[in-house]
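In: Just the structure for this:
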Amino acid sequence: MGGALDLGTLTVVMAVVSLCVLVLFYFDTYRANPTAPARWWCLALATLAAAGILNDGGMGVVSLIGQGLMVVGVASMWAGVRRLRDPETPAVSLVLAVLAAGLIGFAGRFLDPDLWGAVVLLLLSGGFCAAIFIELRLQRTVPWRTARNFAVIAAVTGVYDLVRAIALAALGGVNPAFRAVFGQGFSLLAAIALIVAAATSLAALNSATRTAHFQQLATKDALTGLLNRTEFMRRAGEMLSRAHEQGSEVTVIMADLDKFKSINDDFGHLTGDEVIRAFGVACRQSVRSRDLVGRFGGEEFIMALADSSAADGVAVAERIQFVLSAQRILLDGYTVPTASFGVADSSVHGDDLGALIASADTALYGAKSAGRNCVMVSDAAPLE
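Out: Okay, here's the model as predicted:
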């Protein structure tokens, strides 16, 4: 059956489909929302279109280049999905990954075009398709239902290519059983299916990415990436409501960098910003994923710990002190910045968020008065 599929027709179909999807995606989606993932997807579609034009299923140089470009296209598709899942992924690392995949694929195909070069291409293509599925499954930027079709087709294509690579290595390309089940026509059909699935999903993914970006601007502090004050108050209020219904407790921690004004005065605001970012990282690393961390204003931070006591709050504050000191922010002539903390829990102060924050803030100023670099529990003595 694999031999009955006309390879020339399939390659033309893949090229036409890729070009059509590229044109529609570029003009209807990318120009309106030019996100980083969309740039990678435009590159992927353009590369796959070029692969379809150049690859005639033969072993000539032009055809081998086309086959190598298919790997570059799939790798670029993965790079876009990776940026979707983690916008902080350095662009240079993605460029290097795609270039490395392309170079390995081209080298293998030209060194041994009959067998092992094809095996290498299939392993690369299958691996990147599998990686697309994993990235889409792990990402939290868009709902799973938006990414599901693309992810499932990528997974099926990836498994098919990986199994095809194993079968090719074991049986050889001229084996009748291999040609019947894994002929090149089937591989092209899988690539076309992946492109069609991408066509139905990429616009939605890009739109959701843009929406998530604006939501982040509205809810996150630009300097630290933590929740801004408004969003923290909203989520902390919801946390307290759930805790009240479940009969559990919530602990609020107020934190303030000690003598921060001196850092700004002596070393400048850029250094001050680095200190604030480092403190934000220390806070984020010291709490659980279900806890909340926000920048309350200036050098003051706030945390809400779900299902926790004042003792848990003290443990978190001490962990932050340790993480901050381990970061070793080196300032000539100045010691590593320290912080003071105030802790209040709902078992003592009730489940009113404003009252909890006021109590924690009072405890924070008590810690400042007690000599700084310590933790004060509301209505309790300072804990070193």
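
In: count of neighbours near residue 123?
Out: A count of nearby residues for residue 123, using other CB atoms under 10 Å, gives 21. In short, each C-beta sits where N, CA and C put it, glycine included.

In: likewise residue 283?
Out: Neighbours of residue 283 (other CB under 10 Å): 27.

In: Show me the contact partners of the one helix or strand residue 276 maps to.
Out: Using DSSP states H and E, residue 276 falls within helix 269-285. Residues from elsewhere that reach helix 269-285, judged by CB atoms under 8 Å, 6 or more residues apart in numbering: 221, 223-226, 255, 257, 260, 263-264, 293, 295, 299, 301, 303, 320, 323-324, 327, 329, 331, 337, 339.

In: Please, where are all the strands along the stretch 101-250 of the chain?
Out: 250-257 (DSSP state E, counting those that start in this stretch).

In: low-confidence ranges in the protein?
Out: Applying pLDDT under 70 to the chain picks out residues 1-6, 56-60, 213, 216, 327-336, 380-384.

In: per-domain residue ranges of this structure.
Out: Using automatic domain parsing, the domain parsing of the chain gives 2-217, 229-383.

In: distance between the last one and the chain's centre?
Out: Here domain 229-383 is found 26 Å from its chain centre; the criterion is CA atoms, centre = their mean, to the nearest Å.

In: Begin at 249, not 1, for the rest of this chat.
Out: Okay, using 249 as the starting number, the last item reads as domain 477-631.

In: If I take the following helix or strand past the helix holding residue 524 and strand 498-505, what angle do their directions form?
Out: Later in the chain than helix 517-533, the nearest helix or strand by DSSP H and E is strand 540-545. Strand 540-545 runs at 40 degrees relative to strand 498-505, counting by axes from the mean of the first three to the mean of the last three CA atoms, to 10 degrees.

In: before we move on, back to that, would you put the C-alpha positions of the helix holding residue 524 in PDB?
Out: The C-alpha coordinates for helix 517-533 follow below in PDB (Å, rounded to 0.1, in the frame of the first residue of the first chain):
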ATOM      1  CA  HIS A 517      18.600  52.300  41.800                       C
ATOM      2  CA  LEU A 518      19.800  49.700  39.300                       C
ATOM      3  CA  THR A 519      21.500  47.900  42.200                       C
ATOM      4  CA  GLY A 520      18.500  48.400  44.300                       C
ATOM      5  CA  ASP A 521      16.400  46.700  41.600                       C
ATOM      6  CA  GLU A 522      18.700  43.800  41.500                       C
ATOM      7  CA  VAL A 523      18.300  43.400  45.300                       C
ATOM      8  CA  ILE A 524      14.500  43.500  45.000                       C
ATOM      9  CA  ARG A 525      14.500  40.900  42.300                       C
ATOM     10  CA  ALA A 526      16.800  38.700  44.300                       C
ATOM     11  CA  PHE A 527      14.500  39.000  47.300                       C
ATOM     12  CA  GLY A 528      11.500  38.100  45.200                       C
ATOM     13  CA  VAL A 529      13.300  35.000  44.000                       C
ATOM     14  CA  ALA A 530      14.100  34.100  47.600                       C
ATOM     15  CA  CYS A 531      10.500  34.400  48.500                       C
ATOM     16  CA  ARG A 532       9.200  32.400  45.500                       C
ATOM     17  CA  GLN A 533      11.700  29.600  46.200                       C
END
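
In: Check which residues of it are buried.
Out: Of the residues in helix 517-533, 520, 523, 524, 526, 527, 528, 529, 530, 531, 532 count as buried by neighbour count, 16 or more other CB atoms under 10 Å.

In: Now do that helix and strand 498-505, the angle between them.
Out: Using the same axes, to 10 degrees: helix 517-533 against strand 498-505 is 160 degrees.

In: Confirm for me that residue 311 is in contact with residue 301.
Out: No: counting by CB atoms under 8 Å, residue 311 sits too far from residue 301 to count as a contact (10.6 Å).

In: Please, a PyMOL command that selects the buried ones among the contacts of helix 517-533?
Out: To isolate the buried ones among those in PyMOL, judged by 16+ other CB under 10 Å, type:
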select buried, resi 469+472+474+503+505+508+511+512+541+543+547+549+551+568+571+572+577+585+587
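
In: So which of the contacts of helix 517-533 belong to helices?
Out: Those of the contacts of helix 517-533 mapping onto helices are 508, 511, 512, 568, 571, 572, per DSSP state H.

In: Would you confirm that the first one contacts residue 547?
Out: Think residue 508. Yes: in this structure, residue 508 is within contact of residue 547 by CB under 8 Å, at 4.1 Å.

In: Spatially central, which residue of the chain would that be?
Out: residue 334 (1.8 Å; CA atoms, centre = their mean).

In: Enumerate every residue touching it.
Out: No residues are in contact with residue 334 under the rule CB under 8 Å, 6+ apart.

In: Next one: it from residue 425, what distance?
Out: 42 Å (CB to CB, to the nearest Å).

In: do the same with residue 621
Out: 73 Å.

In: go on, residue 448?
Out: Where residue 425 is concerned, residue 448 sits at a distance of 34 Å (CB to CB).

In: Between those two, which has more neighbouring residues?
Out: Ranked by neighbour count (other CB under 10 Å), residue 448 and residue 425 place residue 448 first, with 12 against 9.
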